[in-house]
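Trainee: here is my input; please provide its structure:
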Amino acid sequence: MEEDLSVIEPIEDYLLNQVYENKDGVLYEVYRFEADELWSFVQNKDNKQWIWLVMNTANRQIVAFHVGGRGKEDALALFNQIPAVFKTKAVFFTDFWQSYNLLDANKHVAAGKEKGYTNHIERFNNTLRQRCSRLVRQTLSFSKKLENHIGAIKYFICHYNKQRALLD
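Mentor: Residues are numbered from 1 along each chain as shown. As a prediction, the model looks like this:
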């Protein structure tokens, strides 16, 4: 079964144009971010909390996170946390969750997991679940207060970013 290359080539050209900007014959890299969300809970499983994350794929550091619901307001709260310097020349890769539609269409690429455009953030979600025991789905170490839940996630992300910075 052959792949239809007429569909793939325009997507790859589009991504190349999104990731690099051509100025006077020189390609300048644009910030490339991956965004995703993962499910958690506080106190009991009926109190669902979604952890929204944005990762800079150049250094694998988390640049913004938000804990809350799964709606557009929470997606907006997440993207408002990204520093302005990153937003000027950026492209965001996400899954097809409708809350991401608030992003500028010229700076947003939605794709399924099979494309691999969000593989770094998906891998980080697994790392977060493995290393932060309160995020494991069947555990006795859950958060009783939302403030503690957010604090534990923030602590882990700060430690993770510091370790990533030391690797570079």
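
Trainee: CA atoms for contacts and neighbours, from now on please.
Mentor: Noted.

Trainee: buried stuff in the longest helix along the chain?
Mentor: Of all segments of type helix in the chain, defined using DSSP state H, the longest is helix 146-167. Residues of helix 146-167 classed as buried by neighbour count (16 or more other CA atoms under 10 Å): 146, 149-150, 152-153, 157, 160-161.

Trainee: can you list the residues you listed in JSON lines and add pLDDT and distance to residue 41?
Mentor: What follows is those, written out as JSON lines (pLDDT from 0 to 100; distance: CA to CA, whole Å):
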{"residue": "146", "pLDDT": "89", "distance to residue 41": "9"}
{"residue": "149", "pLDDT": "90", "distance to residue 41": "9"}
{"residue": "150", "pLDDT": "90", "distance to residue 41": "11"}
{"residue": "152", "pLDDT": "89", "distance to residue 41": "13"}
{"residue": "153", "pLDDT": "91", "distance to residue 41": "12"}
{"residue": "157", "pLDDT": "93", "distance to residue 41": "18"}
{"residue": "160", "pLDDT": "93", "distance to residue 41": "22"}
{"residue": "161", "pLDDT": "92", "distance to residue 41": "24"}
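
Trainee: the strands in this protein, which residues?
Mentor: Secondary structure of the chain (DSSP state E): strands at 20-23, 26-29, 31-42, 44-56, 61-68, 90-94, 108-110.

Trainee: burial-wise, tell me which of these comes out on top.
Mentor: strand 90-94 (a mean of 24; mean count of other CA atoms under 10 Å).

Trainee: so how far is that one from its chain's centroid?
Mentor: Its chain's C-alpha centre and that of strand 90-94 lie 9 Å apart, by CA atoms, centre = their mean, to the nearest Å.

Trainee: contact partners of it?
Mentor: Residues from elsewhere that reach strand 90-94 (CA atoms under 8 Å, 6 or more residues apart in numbering): 18-19, 30-36, 100, 106-111, 117-118.
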